[in-house]
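**Q** Show me the folded form of this:
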Amino acid sequence: MTLPERQLANAIRALAMDAVQAANSGHPGMPMGMADVATVLYSDYLKFDPTDPKWADRDRFVLSAGHGSMLAYATLHLAGYARPTIDDIRNFRQLHSPCAGHPENFELEGVETTTGPLGQGLATAVGMAIAERHLNALYGDDLVDHRTWVVAGDGCLMEGINHEAIGLAGHLQLGRMTVLWDDNKITIDGSTDLSTSEDIAARYSATGWHVESCDGHDPADIRRAIDAALADPRPSLIACRTIIGFGAPNKQGTSATHGAPLGADEIAAARKELGWTAEPFVIPAGVAAAWAGFGEKGKKLHFEWNDRLASNEKKKEFEDRLSGKIVPGEAFKAYLDALVAEPPKVATRKASENTLGALTADIAALVGGSADLTGSNNTKTSSTKPLTKDDYSGRYIYYGIREFGMAAAMNGMALHGGVVPYGGTFLVFADYCRAAIRLSALQQQRVVYVMTHDSIGLGEDGPTHQPIEHLQSLRAMPNLLVLRPADAVETAECWALALAQASRPSLLALTRQNLPPLRHDVTENLCLKGGYRLRTAAAARKVVLVATGSEVSLAMDIADKLEAAGHGADVVSMVSTELFDEQPVAYQADILPGDVLTVSIEAGTTFGWERYTGRDGLRFGIDSFGASAPIDDLYAHFGLTVDAITPKILAKLGN
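**A** You can find the predicted model right below:
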């Protein structure tokens, strides 16, 4: 017997009501409102195999409105994925349950990306759609031919990142991306009339999108709109007019269903309204069987895809690409040898460009870009032609002035697989990217942020562009590897380290100004330790100078002065505090012994350096905003010179 589609959708509604009520926390309204749309999507359009959630050619489904997480958990369970089980759903929002308050990709297979911060899911999906088109251009329809689907709410479309994301998607004509907008006209505060009066459809049309609308509770109309979207070469927005909390007779259509349990009485009334007689967390056998059948088509398509892969001449290359295993090759080795033969005096942003020249020649998976600062970030190489709507095989994306959108898109590319993304902007604009960088770290994704102009060393552009607090605030972010190299050799080593991080993002903080060569041996990647002894004291050690990036050469000059005064001074290049903190305690104690004066030098805030210098150490940096002036004047003004620092160290030593 064929069951009415409304009954299949009601299974989502029932699970959402029951789970939120059991947790006494959550958002039942959106899953109840979008249940009909989700049912149509799973039954007729979404390509998936619940027995293999990592199938490379599956469609990507992104719940951008992550607060409605029970929509994802209910559909995954009903469609036959191994997790979440019904017990997982019973424990919604509880400690150690994979059914977290917002979907987390590292908790459940089938959750393509962690969402919750509104707008980022949609922006991340743009990156997934870019990766799909890029890999399709390389491997053809036989291996890569899937779509990216997004369920987004009013909040996702209001967030500023939405402007950046849809502009990029429209420009690149990502026609295999479809956004299903839960157009329920309700936010937490109440009706959307309280806060917005814009014509969203017109805004999307203006950025090059195809726009449709439908009754989000009429399966036939939903199918009509989706079919129209699939027939159009542009990315599509479908405004699905829905009633939030559909089925709850006294609360539907109001903000009361948005972010709170319906309550026992309203749930009982909703069950009666929907004709749902099953007990809480019980799915009737007929409904369960119908949902399980949705995945059968995908299993067949997966079987056929496996046959095509087995006979494809690029099978090994494709599998290697999707595995994420990348190793620098001969071009990188030759570049390292050249650094030793002719040590260059260059800015680390230029050293990064030179390193990338070798790495992009060696590693085809590297796809780069910049937020309109290509010539300043030095992120383009001869191996990376532009990726455009006319040629998706390119490996360089001109993101425009869209730092946040760039960062989110890179997350999407990394999550999709087959692409290792890197992108550039100024370090001060990490603030524009920060929410996406945080999701890179939370999702354990290999994304490389190339952040140049990393201090007052950028000079005359002044305090609006001079990072002060940025390095330390980024170091405070869990699972983010911040790397600040001191010369060309360290820059190359940092790139190798960044690419070796399979489960965390990296941020390279690079200089505008030229730096002298300090390292002349590449037999071992010393940056791997995070901090290492670059120079050993000649006289009896009295001081350890700990510096990063452009201040390491300054520390070397200060060490000369201290040695001349009879005080032995080590110089430690602290490339990465994260990596240093991961070293054995004995190694840390050897590098930073407790019986000598420890001095930190960094052209940024001194905040946090006391963890290495101790309260009795010295910390040289900048605890105010910068200023507009030539670089030498700035370093003198802020006391970051040999003549300013050396006397203070000598005074501390009692000299």
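
**Q** Check the burial of Lys325 by counting its neighbours.
**A** 10 (other C-beta atoms under 10 Å). Where C-beta positions appear, they are placed from N, C-alpha and C, glycine not excepted.

**Q** whoops, I mixed them up, Asp632
**A** Neighbours around Asp632, by other C-beta under 10 Å: 12.

**Q** Name the nearest residue to Met70, ignoring sequence neighbours.
**A** Ala16 (4.0 Å; C-beta to C-beta, 6 or more residues apart in numbering).

**Q** tell me the contacts of the one you found?
**A** Pro28, Pro31, Met32, Ala35, Met70, Leu71, Ala74 (C-beta atoms under 8 Å, 6 or more residues apart in numbering).

**Q** at 6 Å what do you get?
**A** Contact analysis of Ala16 by C-beta atoms under 6 Å, 6 or more residues apart in numbering lists Pro28, Pro31, Met32, Met70.

**Q** try Leu562
**A** So Leu562 contacts Val543, Ala569 (C-beta under 6 Å, 6+ apart).

**Q** Around the closest residue to Gln173 other than its chain neighbours, how many other residues sit close by?
**A** Leaving aside its chain neighbours, Gln173 sits nearest to Lys389 (4.1 Å; criterion: C-beta to C-beta, 6+ apart). When neighbours are counted by other C-beta under 10 Å, Lys389 registers 14.

**Q** Lys389 and His171 touch, don't they?
**A** No - under the criterion of C-beta atoms under 6 Å, Lys389 is not in contact with His171, lying 7.2 Å apart.

**Q** Name the residues of stretch 569-583 that come out as buried.
**A** Neighbour-count burial for stretch 569-583, counted by 16 or more other C-beta atoms under 10 Å, picks out 569-580, 583.

**Q** Now do it: everything it contacts.
**A** Contacts for stretch 569-583 (C-beta under 6 Å, 6+ apart): 475, 481, 483, 485-486, 527, 529-531, 533-537, 541, 543-546, 548, 552, 555-556, 559, 562, 591.

**Q** List only those of these flagged as buried.
**A** Judged by 16+ other C-beta under 10 Å, buried ones among the contacts of stretch 569-583: 475, 481, 483, 485-486, 527, 529-531, 533-535, 537, 541, 543-546, 548, 552, 555-556, 559, 562, 591.

**Q** From those residues, which land in helices?
**A** Arg475, Val552, Ala555, Met556, Ala559, Leu562, Ile591 (DSSP state H).

**Q** Tell me which two in those are the farthest apart.
**A** Taking every pair in those and measuring C-beta to C-beta, the maximum separation is 27.3 Å, between Arg475 and Leu562.

**Q** I'd like the mean pLDDT over stretch 420-437, please.
**A** Averaged over stretch 420-437, pLDDT sits at 98.

**Q** chain center to that stretch: distance?
**A** With C-alpha atoms, centre = their mean, to the nearest Å as the basis, stretch 420-437 stands 9 Å off its chain's centre.

**Q** how long is it end to end?
**A** 15 Å (C-alpha to C-alpha, to the nearest Å).

**Q** quick one: which of the contacts of stretch 569-583 sit in strands?
**A** Of those, the ones assigned to strands by DSSP state E are Leu481, Leu483, Gly531, Arg533, Leu534, Arg535, Arg541, Val543, Val544, Leu545, Val546.

**Q** In those residues, find the pair that's most separated.
**A** Across these (C-beta to C-beta), the longest gap, 29.5 Å, separates Leu481 and Arg541.

**Q** who's in contact with Val546?
**A** Contacts of Val546 by C-beta under 6 Å, 6+ apart are Val572, Met574, Ser600, Tyr612.

**Q** where's the second one relative to Thr277, distance?
**A** Using C-beta to C-beta, to the nearest Å, we find Met574 at a distance of 65 Å from Thr277.

**Q** repeat for the third one
**A** In this structure, Ser600 and Thr277 are 68 Å apart, going by C-beta to C-beta.

**Q** coming back round to it: kindly reformat the contacts of Val546 as JSON lines and extend each row with secondary structure and distance to Gly253.
**A** Shown next, in JSON lines, are those (DSSP: H, G, I helix; E, B strand; the rest coil; distance: C-beta to C-beta, whole Å):
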{"residue": "Val572", "secondary structure": "strand", "distance to Gly253": "63"}
{"residue": "Met574", "secondary structure": "strand", "distance to Gly253": "57"}
{"residue": "Ser600", "secondary structure": "strand", "distance to Gly253": "59"}
{"residue": "Tyr612", "secondary structure": "helix", "distance to Gly253": "57"}
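
**Q** Just the element for Ser213, please.
**A** strand 210-215 (DSSP states H and E).

**Q** re earlier: CA atoms only for whichever helix or strand the residue nearest to Met70 is part of - export them in PDB, please.
**A** Assigned by DSSP H and E, Ala16 belongs to helix 5-23. C-alpha atoms of helix 5-23 as PDB (Å, rounded to 0.1, in the frame of the first residue of the first chain):
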ATOM      1  CA  GLU A   5       3.300  11.700   1.500                       C
ATOM      2  CA  ARG A   6       1.900  13.800   4.300                       C
ATOM      3  CA  GLN A   7       2.100  10.700   6.600                       C
ATOM      4  CA  LEU A   8       5.800  10.200   5.600                       C
ATOM      5  CA  ALA A   9       6.500  13.800   6.400                       C
ATOM      6  CA  ASN A  10       4.700  13.500   9.700                       C
ATOM      7  CA  ALA A  11       7.300  11.000  10.800                       C
ATOM      8  CA  ILE A  12       9.800  14.000  10.700                       C
ATOM      9  CA  ARG A  13       7.300  16.100  12.600                       C
ATOM     10  CA  ALA A  14       6.700  13.500  15.300                       C
ATOM     11  CA  LEU A  15      10.400  12.900  15.900                       C
ATOM     12  CA  ALA A  16      11.100  16.600  16.100                       C
ATOM     13  CA  MET A  17       8.300  17.200  18.600                       C
ATOM     14  CA  ASP A  18       9.300  14.200  20.700                       C
ATOM     15  CA  ALA A  19      13.000  14.800  20.800                       C
ATOM     16  CA  VAL A  20      12.800  18.500  21.600                       C
ATOM     17  CA  GLN A  21      10.200  17.700  24.300                       C
ATOM     18  CA  ALA A  22      12.400  15.000  25.900                       C
ATOM     19  CA  ALA A  23      15.400  17.300  25.900                       C
END
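
**Q** where's that helix relative to the chain centroid, distance-wise?
**A** With C-alpha atoms, centre = their mean, you get 31 Å for helix 5-23.

**Q** Looking at Ser600 and Thr277, which one has more neighbours?
**A** Higher neighbour count among Ser600 and Thr277: Ser600, with 25 against 9, using other C-beta under 10 Å.
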